[in-house]
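**Q** Build me a structure from this.
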Amino acid sequence: MIALFFAVLAGAIQVNAETIVWKDGPPSLPKGTKVAVLEGDPRQAGMFTMRLQVPAGSRILPHWHPRSERVTVLSGVVKVGFGDTWSDAAMREFRAGDFYVNPPKSHHFVGFPRTAVIQITGEGPWILNLVR
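**A** Here you go, the predicted model:
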């Protein structure tokens, strides 16, 4: 019989999906959005990873972030477009397993035709600046 040994190293982060704690999202996100921070603190300097659970029909109007935003779609459907004005025709669809990066200061908008869970990794602080 072969025995498997696992050692937890200092600084290692290991998260089991069933232990994730979801909290209400901030007012800058659509109503009903839930947030789970897996690594770091998106409000502070440094790396972070968080998940957002966004209800179907939600929209995040044109906005930008000061740093790159790396997004993996874990479930559902997400539509993303670039520019200062919402345009359904300009949006590209992403499904579970898909990945995209929004470059720093790129103006973009996001729609959620179905409830979706996305994972965002980036360097904080993560700030959502609406385009005015």
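
**Q** Across the sheet, point out what pairs with the residue most central in space within the chain.
**A** Residue closest to the mean C-alpha point of the chain, counted by C-alpha atoms, centre = their mean, is residue 120 at 3.3 Å. Judged by DSSP bridges, the bridge partners of residue 120 are residue 50, residue 71.

**Q** roughly how far apart are it and residue 80?
**A** Distance, residue 120 to residue 80, by C-beta to C-beta, to the nearest Å: 13 Å. C-beta coordinates here come from the backbone N, C-alpha and C atoms, glycine included.

**Q** Over to residue 49?
**A** 19 Å.

**Q** Repeat that for residue 124.
**A** 21 Å.

**Q** got it, and residue 105?
**A** Distance from residue 105 to residue 80, by C-beta to C-beta: 16 Å.

**Q** go on, residue 34?
**A** With C-beta to C-beta as the criterion, residue 34 and residue 80 are 20 Å apart.

**Q** same thing with residue 131?
**A** Applying C-beta to C-beta to residue 131 and residue 80 gives a distance of 15 Å.

**Q** out of those two, which sits in the more crowded spot?
**A** Using other C-beta atoms under 10 Å, the more surrounded residue of residue 131 and residue 80 is residue 80, with 18 against 13.

**Q** how about the one helix or strand that one maps to as PDB, C-alpha atoms only?
**A** Per DSSP states H and E, residue 80 falls inside strand 77-82. What follows is strand 77-82 as a C-alpha-only set of coordinates in PDB (Å, rounded to 0.1, in the frame of the first residue of the first chain):
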ATOM      1  CA  VAL A  77     -23.000  33.400 -18.300                       C
ATOM      2  CA  VAL A  78     -21.200  36.700 -18.300                       C
ATOM      3  CA  LYS A  79     -21.200  39.300 -21.100                       C
ATOM      4  CA  VAL A  80     -18.500  41.900 -21.300                       C
ATOM      5  CA  GLY A  81     -18.100  45.000 -23.600                       C
ATOM      6  CA  PHE A  82     -15.600  47.800 -23.800                       C
END
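
**Q** May I have the strands that pair with that strand, each with its orientation?
**A** In the sheet, strand 77-82 lines up with strand 92-95 (antiparallel), strand 108-112 (antiparallel) (DSSP bridges).
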